[in-house]
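Engineer: How does the following fold in three dimensions:
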Amino acid sequence: MRLDKFDKMVFLYAMTAAIASDEIPDIQTQAHEITRRQLQEWFVWMDRILNVHRSNFIFRAPTAAALAEHKTALKAAIRTSHLINALIADPDFNEPDLTARLQVRIRQLQDAYDTFHDATLSDAQAGEFLKQVFPE
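Structural biologist: Okay, here's the model as predicted:
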């Protein structure tokens, strides 16, 4: 049996089962719950990124390679968080606590990014800022 035929059979079976059932699934509720679960996983992942940022970049002198990876990871996390925010900020989703929590994480990720990768901040300004935050 070829794989492409097998895929079609599974799809047709699922369609037949859905058509044969008298019960119509509540797609909106299912999508809402899936989104909530995925968002909770996303929060755990963002917490790990911020922990890595604090432990490996704030309290240590990172290498150029580590900084490049840091920049890429934070940019991806920020962009994805903005996409997720667009989804959950929809009034039909109606989870203001999750929306607010995500917006805080976006600010934290952006601050972590700006600390090392903000092109508008000169090295001298960054040095002054670090002296204020971490006086010797």
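Engineer: What about Ile88, how many residues nearby?
Structural biologist: When neighbours are defined as other C-beta atoms under 10 Å, Ile88 has 19 of them. C-beta coordinates here come from the backbone N, C-alpha and C atoms, glycine included.
Engineer: how far away is it from Ala76?
Structural biologist: Plainly put, Ile88 is 19 Å away from Ala76 if you go by C-beta to C-beta, to the nearest Å.
Engineer: residue nearest the centroid of the chain?
Structural biologist: By C-alpha atoms, centre = their mean, the chain has its centre lying nearest to Ser81, at 4.2 Å.
Engineer: correct me, but it touches Ile106?
Structural biologist: Yes. Between Ser81 and Ile106 a contact is recorded at 4.8 Å, counting by C-beta atoms under 8 Å.
Engineer: Packing partners of the lengthiest helix in the chain?
Structural biologist: Scanning the chain for the helix with the most residues, using DSSP state H, yields helix 27-53. If you count contacts as 3 or more C-beta pairs under 8 Å, 6 or more residues apart in numbering; DSSP states H and E, helix 27-53 packs onto helix 64-88, helix 96-117.
Engineer: Pull out the buried residues from that helix.
Structural biologist: Neighbour-count burial for helix 27-53, counted by 16 or more other C-beta atoms under 10 Å, picks out 32, 35, 39, 42, 46, 49-50, 53.
Engineer: Now that we're looking at Lys5, what pLDDT does it have?
Structural biologist: pLDDT, Lys5: 52.
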